[in-house]
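> Output the structure for:
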Amino acid sequence: MNLKITGLNFDVTEAIKARVTEKLERIARHTGGMISATITLSVEKVQSKAAAQVHLAGKDFHIEALENDDNMYAAIDNMADKLDRALLQYKEKAQNR
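This is a model prediction of the structure:
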């Protein structure tokens with residue numbers, strides 16, 4: 001899996017990279033065909049934003065999560081939860097066919 005983490009108006013530290021990698025490993029166990037993921041982290045005034053673009057075999061997902069406080073870790077966790085739910089829904093829908 002190709003993973004690209006970028007920061008807009010924000011320096012991405014090793015701890016944040018480790019947190020994102022940890023969360024995506026948890027999600028990758030649900031889907032075996034994750035080809036690439038691009039994570040964009042940004043801070044605007046007091047709002048933290050984490051966005052993910054995930055490319056699976058045959059489907060692309062775009063998920064965004066906003067946190068009103070200046071906690072990037074909470075935004076990453078929220079984004080990972082949303083992505084996990086979306087991938088599980090897609091997987092269940094594909095299995096029902």
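
> Residue 38 in helix, strand or coil?
strand (DSSP: H, G, I helix; E, B strand; the rest coil).

> Please look at it and residue 52 and confirm they touch.
Yes - look at residue 38 against residue 52 with Cβ atoms under 8 Å: they come within range, at 7.1 Å. Where C-beta positions appear, they are placed from N, C-alpha and C, glycine not excepted.

> neighbour count winner among these two?
residue 52 (25 against 15; other Cβ atoms under 10 Å).

> Report the beta-bridge partners for the more buried one.
In this entry, residue 52 is beta-bridged to residue 39, residue 63, by DSSP bridges.

> What residues does it make contact with?
Residue 52 is in contact with 37-40, 61-64, 79, 83, counting by Cβ atoms under 8 Å, 6 or more residues apart in numbering.

> if you set the cut-off to 10 Å instead, what comes out?
Applying Cβ atoms under 10 Å, 6 or more residues apart in numbering to residue 52 gives the contacts 5, 20, 23-24, 27, 37-41, 61-65, 76, 79-80, 82-83, 86.

> what's the answer for residue 55, then?
1-2, 33-38, 61.
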